[in-house]
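S.K.: Sequence first, then the predicted structure:
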Amino acid sequence: MSTPEILFYVIIGILIADFILERILEHLNAKNISLKLPEELKGIYNEEQYRKSQQYELDNQKMRLITSTLNLIIILLFLFFDGFAFVDQLSRSITSNSILIPIVFFGILMFALDIINTPFSVYDTFVIEQKYGFNTMTVKTFITDKLKGWLLSAILGGGLLALVVWFYHVTQDMFWIYTWILVTLFSVFMMMFYTQWILPLFNKLSRLEEGELKSSIFSFSRQAGFNLKDIFVMDGSKRSTKANAFFSGLGRKKKIILFDTLIDELKSNEIVSVLAHEIGHYKKKHTLANLVLSVIQTGITLYILSLFIDNPVLSRALGVSQPGFHIGLIAFGLLYSPISMVLGIGMNYLSRRFEYQADAFASDYGFSNYLIGALKKLSVKNLSNLTPHPIYVFVNYSHPPLLDRLRFLKTSSKQTAEA
């Protein structure tokens, strides 16, 4: 058996193993679901709300099973019937420009895959989310979001890919360094200007009006030594009744964004407790740490990619006789996925630790009980799964489950009181 054939079957094995692992994790999570309210959850959910939350989780699991199975079948068909070679030939028939060929290639693949998955996205939004009272999105908004997403992908994704391919043709073995710098600069740019330039394309942002809530937020910000210029409210209710808040930006560009649904759902002190948690991430330098780790991980990945990208064996493993940057990138991505999964597990573990530290920060300022109340309300509002399997949490969760956070906050509150 030749080396390309070996690589071909290694890729097949990776894809199937990843699918099986995903199914095992979903099975464990499903087994952990009990439609009867556990004793420790009383006071958070009532019986009816709890059954609704568990049924919501089961419906979402079924949807994930269908979509992941479909995607596996599609990529296996592509591999066994030389689909990548077909799209490569089609791209080369459209343009002979060495920089445009990869853009056309990935454009065709991404557009086709998005079209195939759109019916499932429609079902998820207008059937499952509608069934549980979450969806507020109109068909017009759904279509507009889709068109805007395609346009942004073409401009930003196409532009970045064109630069990366140009780096490759001009610098060859050194392209990974220039790409690393480009990706780092783009990541910093998005962190600083996402809420200013990208988010307004999809949502309206308005300054939080004067009143008790705004005064309370600014009062706590001054107490915590957090320089806050303004607070914005986003019309999250345009798409869903689910509530959230997030922190964005660096330095002078940092912003706090509240969903309008969050303001409707929580009391002022509870909202401030949620923001205390978000500010805790900033004060503990979690945002900076995540950025640094992401930059290091990207650099290592790009360096490894540079060692294999121009290897014709990778192209032949996908049934493509004429080597190309885009084919090498696809093959490398498939082979690298197990490493990526392991790194993802590590990042999730770190993220969960950061969440506890941010909770502790809020607790140190006396917000434990308010944050506990806010987390309970948001869990009920969003129908969160309160009994995920520990292994599923270990692999997939970037945040600790609710019950773990509540236990931590209660312990942290006692320690703060004793101090």
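M.R.: That came through, no problem.

S.K.: List the residue ranges of this protein that fall below the pLDDT cut-off.
M.R.: Scanning the chain for pLDDT under 70 picks out the ranges 413-419.

S.K.: and if we set it to 80?
M.R.: Applying pLDDT under 80 to the chain flags the ranges 1, 34-43, 45, 249-254, 412-419.

S.K.: quick one, longest helix in it?
M.R.: If you go by DSSP state H, the chain has its longest helix at helix 325-364.

S.K.: The stretch 201-350 of the chain: strands as residue ranges?
M.R.: 205-207, 231-234, 245-248, 255-259 (DSSP state E, counting those that start in this stretch).

S.K.: Make CSV from these and add mean neighbour count to it.
M.R.: Using the backbone N, CA and C atoms, a C-beta is placed for each residue, glycine as well. Formatted as CSV, these follow (neighbours: other CB atoms under 10 Å):
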stretch, mean neighbour count
strand 205-207, 11
strand 231-234, 20
strand 245-248, 19
strand 255-259, 22
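
S.K.: Tell me the buried residues in the longest helix of the chain?
M.R.: By 16 or more other CB atoms under 10 Å, the buried positions in helix 325-364 come out as 325-332, 334-337, 348, 352, 354-356, 358-364.

S.K.: what's the next secondary structure element after it?
M.R.: Proceeding C-terminally, helix 325-364 gives way to helix 368-382 as the next helix or strand, assigned by DSSP states H and E.

S.K.: CA-only coordinates of that next one, as PDB, when you get a sec.
M.R.: Taking C-alpha atoms only, helix 368-382 is exported to PDB below (Å, rounded to 0.1, in the frame of the first residue of the first chain):
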ATOM      1  CA  SER A 368     -22.500  35.800  45.800                       C
ATOM      2  CA  ASN A 369     -26.200  35.700  46.600                       C
ATOM      3  CA  TYR A 370     -27.200  38.000  43.800                       C
ATOM      4  CA  LEU A 371     -25.100  36.000  41.300                       C
ATOM      5  CA  ILE A 372     -26.600  32.700  42.500                       C
ATOM      6  CA  GLY A 373     -30.000  34.200  42.000                       C
ATOM      7  CA  ALA A 374     -29.100  35.500  38.500                       C
ATOM      8  CA  LEU A 375     -27.600  32.100  37.500                       C
ATOM      9  CA  LYS A 376     -30.700  30.200  38.600                       C
ATOM     10  CA  LYS A 377     -33.000  32.600  36.700                       C
ATOM     11  CA  LEU A 378     -31.000  32.400  33.600                       C
ATOM     12  CA  SER A 379     -30.800  28.600  33.700                       C
ATOM     13  CA  VAL A 380     -34.600  28.400  34.000                       C
ATOM     14  CA  LYS A 381     -35.100  31.000  31.300                       C
ATOM     15  CA  ASN A 382     -32.700  29.300  28.900                       C
END
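
S.K.: That helix to helix 325-364, inter-axis angle?
M.R.: Using axes from the mean of the first three to the mean of the last three CA atoms, to 10 degrees, the inter-axis angle of helix 368-382 relative to helix 325-364 is 140 degrees.

S.K.: which helices and strands sit right next to helix 368-382?
M.R.: Packed against helix 368-382 by the contact rule (3 or more CB pairs under 8 Å, 6 or more residues apart in numbering; DSSP states H and E) you find helix 260-265, helix 268-283, helix 325-364, helix 402-418.

S.K.: For those helices, give me CSV that also has distance to P102.
M.R.: Output for the helices and strands packed on helix 368-382, formatted as CSV (distance: least, CB to CB, whole Å):
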stretch, distance to P102
helix 260-265, 41
helix 268-283, 37
helix 325-364, 4
helix 402-418, 44
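
S.K.: Go through those and name the closest to W150.
M.R.: Across these, W150 has its closest neighbour in helix 325-364 (19.2 Å, CB to CB).
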